[in-house]
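J.: My questions concern the predicted model and sequence given below.
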Amino acid sequence: MIITTTDPIAGEILHDLESKPFVVEGKGSLAARTYFEPEETRRTYLPVHDNADNTMGHYCY
């Protein structure tokens, strides 16, 4: 799994990931876990990357 620790909306490098919201996209070793700070940036990210044609799959936590 690929883990990204920079919030893609806010552009901030995140620390203490245990308490941060995240999204997992894809499956297997190429799946990507993207962390966010705060929750609002995760909600902003989802509509941009989630659509009916998406075959990757999103898992939000």
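T.: That came through, no problem. Residues are numbered from 1 along each chain as shown.
J.: can you map out the helices along this protein?
T.: Ranges of helices in the chain, per DSSP state H, are 39-49.
J.: Now do Glu25, the pLDDT please.
T.: Per-residue confidence (pLDDT) for Glu25: 88.
J.: oh, I was asking about Val48
T.: 67.
J.: same check, this time on the one 4 residues further on
T.: Each residue has a pLDDT score; the one for Ala52 is 41.
J.: For the residue nearest to Ser29 when sequence neighbours are not counted, give me its contacts.
T.: Nearest residue to Ser29, sequence neighbours excluded (CB to CB, 6 or more residues apart in numbering): Met1, at 6.7 Å. Every C-beta, even on glycine, is put in place using the N, C-alpha and C of the backbone. If a contact means CB atoms under 8 Å, 6 or more residues apart in numbering, then Met1 has 24, 29, 31-33 as its contacts.
J.: same thing but 7 Å
T.: 29, 31, 33 (CB atoms under 7 Å, 6 or more residues apart in numbering).
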